[in-house]
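1. What would the 3D arrangement of this be:
(one chain, ligands or ions: 1)
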Amino acid sequence: MATYLFDIDMTLLATGGAGVLAMGRAVHDLLGIPDGMAGVSYAGRTDRAIARDLLSRGAVDPDRLDGGFEGWLDRFASVYAEHLGDALHETAGRALPGTHALVERLAAVPGAQVGIATGNFRRTGLMKLAHYGFGPPLDDGGFADTHEDRGQLVAHAASVVGGPAALARPAGVFVIGDTPLDVAAARVNGFRAVAVATGDYDFDALTATGADVVFEDLGDGDRVLDWLLAASEAA
Ligand SMILES: [Mg+2]
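-> Numbers count the residues shown, from 1 in each chain. So this is what the prediction gives:
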């Protein structure tokens, strides 16, 4: 029994900037800020945390908004989703090498539970996945609608995907992501961190985070699968 939780952006797929483009348009619509995403850090962060940053960039006090922060979050997520539908068709994104095959092979392993641990909101995360051809089992797990802190989000994802048994046996939970924040979120729960250098962080930078293993990409499916299955057995 092992649980494998995949990050979305720059781990499974690259949207070619569609997410940032759509978020920028949502910020413009809702707050009137033309370059709302400039200087906002987003790699590995949750959309909930980003939405909070955007308010402070617009010098908006969430307590003065209709419905407070949660009301803003609902409106932001909804307008962002509307723009994302178009943006995904405007940018040149792709599924990253080997990801479809790896997910399919892992999901076929007896006792393996496969799902998502992402900083995306559920709706927009599933839109990105569907656009690049990913379906079940990558349709459930942990999303940013309910969690701002990535460590808590990953723990929630493990319980959704692997059930209570996964949390009772943390060494059997694998978090696969492209940023030091994915690694830290695994570590804080005692989960295993599998880092992949297909995003903003290269092999050396990810190695320095203390990840259990770092891959340049997920293209060599045999090697990645061998490592994951051996580590799962040792857990
Ligand atoms: Mg990522």
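2. which of the residues in the lowest-mean-pLDDT helix or strand in the chain are buried?
-> Counting by mean pLDDT, DSSP states H and E, the chain has its least confident helix or strand at helix 47-57, which shows a mean of 87. For helix 47-57, a neighbour-count test (16 or more other Cβ atoms under 10 Å) marks 47, 48, 49, 50, 51, 52, 53, 54, 55, 57 as buried. All C-beta spots, glycine's among them, are computed from the backbone N, C-alpha and C.
3. May I see the residues you listed arranged in JSON lines, with distance to residue 70 as well?
-> Converted to JSON lines, these look like this (distance: Cβ to Cβ, whole Å):
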{"residue": "47", "distance to residue 70": "14"}
{"residue": "48", "distance to residue 70": "10"}
{"residue": "49", "distance to residue 70": "14"}
{"residue": "50", "distance to residue 70": "15"}
{"residue": "51", "distance to residue 70": "10"}
{"residue": "52", "distance to residue 70": "11"}
{"residue": "53", "distance to residue 70": "16"}
{"residue": "54", "distance to residue 70": "15"}
{"residue": "55", "distance to residue 70": "12"}
{"residue": "57", "distance to residue 70": "19"}
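4. Go through those residues and name the one nearest the ion.
-> residue 47 (11.7 Å; Cβ to the ion).
5. contacting residues for the closest one?
-> 77, 80, 119, 120, 121, 124, 144 (Cβ atoms under 8 Å, 6 or more residues apart in numbering).
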